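In: Sequence and predicted structure below; questions after.
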Amino acid sequence: MSPHENAADTRGHDGSGGHDGSGGYDGGHDGPGGYESSQATESQPADTHSCSKDAAASKRRRPLLVRNRDFARVWGAQLLSQSATRMYQMAALWWLLGKAAAGERGLASGILLACAALPPVLCAPVIARAIARHPSRGVLRSSVSAAAVLAAAIAAYAASAEVPMPVVYPVMLGLATCQALFDPCLSKAIPELVDDADIEDATAFEQSTFSLVGMAGALLGAALVDHVGLAGVAATGTMAYLGAALLVTRARFSPLAGTDDEERQGGLGRTWRLLADLPFIRLALICFAVANFFITATFLILPLYTKNVLDAPALTLGLLEGSLWLGMLLGIFTGNRLPGAPGHVGATCIALFGAALVLPGLVADRGLFVACLIVAGWAVGATNVVFVALFQRSVPTAAKPAFFSAMLGLLGASFPLASLIFGLVGDVVSAQTLCLTQAVGLLPIAAVLFARVRSSARPDAP
């Protein structure tokens, strides 16, 4: 990954260097017959400027993925890479449930999910340095290429021999590490791919990938593992990773000037000290992280519920996870329209997620669980939108980079912890009891937020 790798690249839109193919305006505008030639000459600069603006406005009305093919390629690479990683996670999870003894399924699932969640937390400093020091295209291409090699290795192994259970864990860890390098690098590369006016649209596409892949990857991985086995899923993932590498290679980047590392040093400590003046924001962040501990446990509970309670095939697990992701996608796009103070809305959504899991904890029915998961997913998506918008409005601009790094670190750390703890408990109690445990854990968090919002409603409250 040479530092000069992208130096000659230019930002591409429509594959024509950012122009509409006609020079930006019509070459000649003949004035009406009654106009004097001098008037036509004097008005030409204004006409040209107006026509250029009209052409730019017309072009901007076209969808971002149509008018900026370079961003479309890189976003497509993200879809392929995340789908491949998600498919392997789903397939390996179901494969483990079939191999492990009944009393060991919870721990086996928890370890796998912890392997999928740990790299963004443990490797954050290394990932940050790699992204800062190397060209974006090189980092993106190297990460998916390494994932392709790893997926191809496990596919060849699984096709030729019986795979021992411990082997799937380091493979999951390796694929998750590659993905943990790809995703934040894409976030950093967005300004290198799109104009300033398109950054919000590009970010929305990037964030929507997680929900889209959550649905598609869960269903596809579950459907494939029953028909082609772990080897087939890994081989499919290999092709997806190679496709992602090809798309990244064909995209053109416009590298930006380097950023000063001084802002990142000591940032977390400064952020927590700054939040001492924003007690509600600090409490909201803590509640958000604790709630995430119980919410992310759902991904551990679903396979146990499918296998032990419903006694259903892998496709049912894909349907359940897809329902959760569908609800999250709906919540992301509707959460910003909810009325009321952000604290009230967030607390209500957290309580709603807990309440939605009570019925599956009492009644084992697939259709009922699907409906409840859509509601729970909607609550999660809406909670994310409300809290992140609250943080964006309330946290000072200078502290936002370190603040959101701290937030992602807290949220990322809660997933492997929840996977291990709920996995161990899941070997002792039923998956339905775990659903009720989630509800019991989330309701006090919602109550704390409600109480704090009430007290902050006073004029002198922070």
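Out: Yep, it's here. Numbering: from 1, shown residues only.
In: could you dump the strand or helix carrying residue 350 to PDB, C-alpha only?
Out: Using DSSP states H and E, residue 350 sits within helix 342-356. C-alpha atoms of helix 342-356 as PDB (Å, rounded to 0.1, in the frame of the first residue of the first chain):
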ATOM      1  CA  PRO A 342     -35.300  12.600  22.800                       C
ATOM      2  CA  GLY A 343     -35.000  11.300  26.300                       C
ATOM      3  CA  HIS A 344     -38.600  10.300  26.500                       C
ATOM      4  CA  VAL A 345     -38.600   8.700  23.000                       C
ATOM      5  CA  GLY A 346     -35.400   6.800  23.700                       C
ATOM      6  CA  ALA A 347     -36.700   5.500  27.000                       C
ATOM      7  CA  THR A 348     -40.000   4.500  25.400                       C
ATOM      8  CA  CYS A 349     -38.200   2.600  22.700                       C
ATOM      9  CA  ILE A 350     -35.900   0.800  25.100                       C
ATOM     10  CA  ALA A 351     -39.000  -0.200  27.200                       C
ATOM     11  CA  LEU A 352     -40.800  -1.300  24.000                       C
ATOM     12  CA  PHE A 353     -37.900  -3.600  23.000                       C
ATOM     13  CA  GLY A 354     -38.100  -5.300  26.400                       C
ATOM     14  CA  ALA A 355     -41.900  -5.600  26.300                       C
ATOM     15  CA  ALA A 356     -41.700  -7.100  22.800                       C
END
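In: packing partners for that helix?
Out: Packing partners of helix 342-356 (3 or more C-beta pairs under 8 Å, 6 or more residues apart in numbering; DSSP states H and E): helix 279-296, helix 366-394, helix 431-456. All C-beta atoms are positioned from the backbone trio N, CA, C, and that covers glycine.
In: Which neighbouring elements make contact with the biggest helix by length in the chain?
Out: Looking across the chain with DSSP state H, the single longest helix is helix 199-250. Applying 3+ C-beta pairs under 8 Å, 6+ apart, one finds that helix 199-250 contacts helix 64-67, helix 69-99, helix 136-160, helix 168-193, helix 314-334.
In: Name the residues of the fourth one that are buried.
Out: This means helix 168-193. 168-169, 171-186, 188-193 (16 or more other C-beta atoms under 10 Å).
In: contacting residues around the helix holding residue 350?
Out: By C-beta atoms under 8 Å, 6 or more residues apart in numbering, the residues outside helix 342-356 that reach it are 280, 284, 287-288, 291, 294-295, 331, 335, 338-340, 372-373, 375-376, 379-380, 382-383, 386-387, 389-390, 438-443, 445-447, 449-450, 452-453, 456.
In: rerun that using 6 Å as the cut-off
Out: 291, 338, 372, 375-376, 379, 382-383, 386-387, 390, 439, 442-443, 445-446, 449-450, 453 (C-beta atoms under 6 Å, 6 or more residues apart in numbering).
In: Now that we have the helices and strands packed on helix 342-356, can you turn them into CSV and tack on mean neighbour count and mean pLDDT?
Out: Formatted as CSV, those follow (neighbours: other C-beta atoms under 10 Å; pLDDT from 0 to 100):
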stretch, mean neighbour count, mean pLDDT
helix 279-296, 20, 84
helix 366-394, 20, 85
helix 431-456, 18, 86
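In: What's the first helix or strand after the helix holding residue 350?
Out: Using DSSP H and E, the helix or strand that follows helix 342-356 in sequence is helix 358-362.
In: and that next one, average pLDDT?
Out: The pLDDT scores in helix 358-362 average 94.
In: Return the list of helices and strands in contact with it.
Out: Where contact means 3 or more C-beta pairs under 6 Å, 6 or more residues apart in numbering; DSSP states H and E, helix 358-362 is packed against helix 366-394, helix 431-456.
In: Tell me which of these lies nearest to residue 84.
Out: The minimum distance between residue 84 and the helices and strands packed on helix 358-362 falls on helix 366-394, with 22.7 Å, by C-beta to C-beta.
In: So which elements touch that closest one?
Out: Short answer (3+ C-beta pairs under 6 Å, 6+ apart): helix 366-394 packs on helix 279-296, helix 314-334, helix 342-356, helix 358-362.
In: hmm, try it at 10 Å
Out: Identification of packing neighbours for helix 366-394 by 3 or more C-beta pairs under 10 Å, 6 or more residues apart in numbering; DSSP states H and E yields helix 199-250, helix 279-296, helix 298-304, helix 314-334, helix 342-356, helix 358-362, helix 400-426, helix 431-456.
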